[in-house]
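Chemist: Just to be clear, the model below is a prediction. Sequence and coordinates:
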Amino acid sequence: MTDSVPTDNAAPQTTGPTDWLTLPDVAERLDLTISKVHQKIRDRELIAVRRDGVRRIPADLVANGTVLKHLPGVLNLLADAGYDDEAALRWLYEPDPTLPGGTPATALAGDQAREIKRRAQALGF
């Protein structure tokens, strides 16, 4: 089940995913236990942020019953560059007209994964 963009008491988010999944929904979609989903978040294979007090994951990052192939690598590169989960999420969904699909997250799902990884790596320098 996906939810519309939830709100938080933090700064307003101008960009971001339109559909969110709760962790139990992700577990069901990926056919994993909830503890395995928590492990994937700890291992930076998935990104989860709190919205309305509930940890949620953007639905498009777990499309077709699997985590986007290059997402873990990008999340690790962003963490190495000093990005926390909120900042990494903003970066993934920041509009960029030079990318197909308009955001790094959308391009990551397509054939531009190498370019997204290169851009994430450049943030560390």
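Modeler: Great, that's in hand. Residues are numbered from 1 along each chain as shown.
Chemist: what helix or strand is the residue nearest the centre of the chain on?
Modeler: Taking Cα atoms, centre = their mean, the centroid of the chain lies closest to Ile47, which sits 4.9 Å from it. Following DSSP states H and E, one finds Ile47 outside all helices and strands.
Chemist: is it true that it touches Arg55?
Modeler: No. Counting by Cβ atoms under 8 Å, Ile47 does not reach Arg55; the two are 10.1 Å apart. In this view, the C-beta of every residue, glycine as well, is placed from N, C-alpha and C.
Chemist: okay, and the common contacts of these two?
Modeler: Residues within reach of Ile47 and of Arg55 at once, by Cβ atoms under 8 Å, 6 or more residues apart in numbering, are Ile41.
Chemist: Now do the longest strand along the chain: which elements does it pack against?
Modeler: Counting residues, the longest strand in the chain under DSSP state E turns out to be strand 54-58. With contacts taken as 3 or more Cβ pairs under 8 Å, 6 or more residues apart in numbering; DSSP states H and E, strand 54-58 sits against strand 20-22, helix 23-30, strand 49-51.
Chemist: Looking at those, which is nearest to Leu89?
Modeler: Closest approach to Leu89 among the helices and strands packed on strand 54-58 is made by strand 49-51 (5.6 Å; Cβ to Cβ).
Chemist: For that closest one, buried residues please.
Modeler: 49, 51 (16 or more other Cβ atoms under 10 Å).
Chemist: Report the distance from it to the chain centre.
Modeler: Relative to the chain's own centre, strand 49-51 is displaced by 12 Å; criterion: Cα atoms, centre = their mean, to the nearest Å.
Chemist: Since that was my last question, I'll sign off now.
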